[in-house]
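> The following block contains a protein sequence and its predicted model.
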2 protein chains.
Amino acid sequence: MTKDVWRIGVAGLGTVGAGLLNFLSDRPGFAPAGGQAVITGVSARSRSRPRPFDISNLPWFDDPVALAASPDNDLFVELIGGSDGPAKAAVEAALNAGKPVVTANKALIAEHGAELALLAESKGVPLLFEAAVMGGTPAVKMLREAMVGDDIKSVAGILNGTCNYILTEMDSGGRAFADVLAEAQRLGYAESDPTMDVGGFDAAHKISILAALAFGCAPTYAAAEIEGIDGIELLDIKLARDLGYRVKLVASADRSSDGVLVRVHPSLAPINHPLAQAGGALNALFIEGTRIGTIYIQGPGAGAGPTAAAVAADIADVMTGAVRPVFQRPAGELKPFTPVDPSKSMGRAYLRFLVKDEPGVIAAVSETLAEAGVSIESFLQKPVENADGVPIVLTTHAVAESVLTAAIDRIANLPSVLERPRLLRIARI
Amino acid sequence: MTKDVWRIGVAGLGTVGAGLLNFLSDRPGFAPAGGQAVITGVSARSRSRPRPFDISNLPWFDDPVALAASPDNDLFVELIGGSDGPAKAAVEAALNAGKPVVTANKALIAEHGAELALLAESKGVPLLFEAAVMGGTPAVKMLREAMVGDDIKSVAGILNGTCNYILTEMDSGGRAFADVLAEAQRLGYAESDPTMDVGGFDAAHKISILAALAFGCAPTYAAAEIEGIDGIELLDIKLARDLGYRVKLVASADRSSDGVLVRVHPSLAPINHPLAQAGGALNALFIEGTRIGTIYIQGPGAGAGPTAAAVAADIADVMTGAVRPVFQRPAGELKPFTPVDPSKSMGRAYLRFLVKDEPGVIAAVSETLAEAGVSIESFLQKPVENADGVPIVLTTHAVAESVLTAAIDRIANLPSVLERPRLLRIARI
């Protein structure tokens, strides 16, 4: 499939699209694998919107589907976003026209990756999505290509830069979630509707894609267990630090004989652990394989420069003419994974209780935990200036999630306990 | 170039060769990109040597060159090692026969990579060497493929697991270099002739390859500045720790307008920095790009499992039929880089002096430094039970290497200074 010139249609001129156009204008002869990359068509919601670069000389398409299907380009780059709608229609149109597709769209791949892979493979063209996960940090290439000689047991990491920025600022600045979120929105680090990010859904899209690549199954976003950071209180960040941990939004996928468990949770990472040290908007990922052992990769997870560089690397891969399965095994063999019942999953936990400041409370809580079969690992009570109650916090030894939940239910009903206990997982890293 | 069956000849049945045979016997249907991998010939120094796997059913070749040229295989895997001799002859024979080559041989690629790339590209076949650097951690793929959309400024890291193991054991166990080396040799972590590892030459081979991939130049091993860990004293490890650093063998390649500086030095890394935290036999690498920013990757740098997995990933890449330059730009354009004069390079330094225990010594040392233009950043004098003298240790602000060397020469001649001062660089990370 090698060509002298690759004519590229780009749909979507937001941050990543702008980054790609800037990159190709800085590197007009970009020809990483023989052929030269030339943009021969663009599409976006508004042609006239002011942009920091000139598109007046580029053929314009109001309809991204028409751009995708146009015979005037050989390769389609989808940077529109969204799991359905024009992004999906355009990618399908390009694949149906027998064109390689490069996309940065995590929602599309996480929710429709298997069917799109089937279409791409039936047409014999690549469907690449490096920029969908960890921006410029090549997590997809690592799992898709570099790890084919291994059997992956688990992947776990920080996949959402916005959440990591917010948690880092809460920790370092001692500020509340809402305060930091508002600032992040002002600075453009968070969307005006931050739900996808702070609700954990963006990280869940990404870990669903990585799980598919790691375990050779279809992306199974619907089976992901998702909890965001919107309920994280500054108090928990401070108490976790007193216990030697930082709170991070950890996305993980674990394979066992029972199936696959894909989860996104705010989790405690030991303060000296690389995940705890990865601050600000950094992304980070651990990959654990049977043969290779553990590999760690860390880098910027978003931004025009890094994400556009990932798109450019995918364009280069298309140019090489490489033919390989979209998800590491042929699309016809991809099946949704069997989800593990999360209630059976074992793990350590952090529990925070708000209790009345009266004798016998600690005894009542610890007895209830013991009766339920939850074993305490560490315990902390600190005086706080809060007339409404006294927080006590503890970490448990590994316990089944169902046992833990039952214990929390019982403790919540104790008369001396003022609110439902707060549960945070301790990351299994 | 896609095939139903890929017939593979493997020359060299040491640790990596054994790992590869074990892997393919565990995964008899290994077909990561359509074609199935089947070993159809092996070669090693001795056929009868006891091995933990059976080679009696595999066609045997006494001469690796004959195996490489044999029409009975389509892909040649070179795991013999050594920059010249049979390894080079066999790789050339395979390429001349129009066969893709996969090798784990860092010395061969670092010293003859440009000419071999020219041969491979003239025949239109891939020459892949993921296993040559960082074992199972895909540093080569990252620079060669994932970073083509960026301009790399520097790469720096820990590329030799044996040295990292020795330095980590010296630090954690308070043991001398010779003691730890002897133990590492007993345990099989170090060769009976450890020169390639502890002398820094292995790391220099690897950073020369990474520099070529990062900067689009020919591997230029001859221009690398190399210092090993064989002169590292336990005292320096302890004093560095008192100053907040760990001693690591850091290999780095930096590009500037003056050219490229490739160096291997025992260097001080701040104790909380990921390079300082990467202990034992781990390898670690920072890649700094203009667009992507900084990416960090860490993992096992050696061992049968990881290295064989890297070879298997390269075999998969051959199967995809991908055509791209061996070193990220066409071999005909590869030139040795222009080395930067190391005496002009700026950096911070650690200096340790052994002085007579008498008044005025510190004044003499610090005056000499000031006169030479070296500015002190921190200073430490600790009492030790050493009747021969008192060690004083300091770190400097950034200073040109030539200025530093001149200052050291003058201090070495002071009557109160008992031996030539010990210089260690502070890593620029």
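That came through fine. Numbers count the residues shown, from 1 in each chain, chains lettered A, B, ... in the order given.
> Could you give the bridge partners of the nearest residue to residue A:147 once chain neighbours are set aside?
Here the nearest residue to residue A:147 in space, its sequence neighbours aside, is residue A:289; by CB to CB, 6 or more residues apart in numbering or on different chains that works out to 6.1 Å. For every residue, glycine as well, the C-beta is placed using N, CA and C. Following DSSP bridges, residue A:289 is listed with bridge partners residue A:152, residue A:293.
> Can you name the residues that contact residue A:289?
A:147, A:150-153, A:295, B:136, B:309 (CB atoms under 8 Å, 6 or more residues apart in numbering or on different chains).
> Next one: it, what pLDDT does it get?
On the pLDDT scale, residue A:289 is placed at 95.
> Relative to residue A:144, how far out is it?
Separation of residue A:289 from residue A:144 (CB to CB, to the nearest Å) stands at 14 Å.
> The host helix or strand of residue A:102 - which strands sit beside it in the sheet, and in what orientation?
Assigned by DSSP states H and E, residue A:102 belongs to strand A:101-103. Applying DSSP bridges to the sheet, strand A:101-103 is found paired with strand A:75-78 (parallel), strand A:127-128 (parallel).
> Local confidence estimate at the residue of the stretch 101-250 of chain A found nearest chain B?
Minimum separation of the stretch 101-250 of chain A from chain B (CB to the nearest CB) falls at residue A:149, amounting to 2.8 Å. You'll see residue A:149 listed with a pLDDT of 89.
> Now do the SS call for it.
Per DSSP: H, G, I helix; E, B strand; the rest coil, the secondary structure class of residue A:149 is coil.
> Helix or strand for the closest residue to it other than its chain neighbours, just tell me which one.
Spatial nearest neighbour of residue A:149, excluding adjacent residues (CB to CB, 6+ apart): residue B:312 at 2.8 Å. Using DSSP H and E, the element containing residue B:312 is helix B:304-319.
> so how far is that helix off the chain centroid?
19 Å (CA atoms, centre = their mean, to the nearest Å).
> pLDDT below threshold where in chain A?
Counting by pLDDT under 70, chain A contains low-confidence ranges at A:1-2, A:384-387.
> which one's the longest helix in it?
helix A:106-123 (DSSP state H).
> Give me the distance from that helix to the chain's centre.
For helix A:106-123, the separation from the chain centroid amounts to 18 Å (computed by CA atoms, centre = their mean).
> Which residue is the nearest non-sequential neighbour of residue A:194?
Leaving aside its chain neighbours, residue A:194 sits nearest to residue A:181 (6.2 Å; criterion: CB to CB, 6+ apart).
> Just give me how far the strand or helix carrying the one you found sits from the chain centre.
Using DSSP H and E, residue A:181 sits within helix A:177-187. Mean-position distance between helix A:177-187 and its chain equals 20 Å (CA atoms, centre = their mean).
> Pull up the residues of the stretch 101-250 of chain A that are close to chain B.
A:130, A:136-138, A:141-142, A:145-150 (CB under 8 Å from any CB of the partner chain).
> picking up where we left off before, near the residue nearest to residue A:194, how many residues? Count them for me, please.
A total of 24 residues lie near residue A:181 under the criterion other CB atoms under 10 Å in any protein chain shown.
> Ok, residue A:375 next?
Residues within reach of residue A:375, counting by other CB under 10 Å, total 11.
> now swap in residue A:381 and tell me
The tally of other residues near residue A:381 (other CB under 10 Å) stands at 14.
> That one - nearest residue in space that isn't next to it in sequence?
residue A:392 (4.6 Å).
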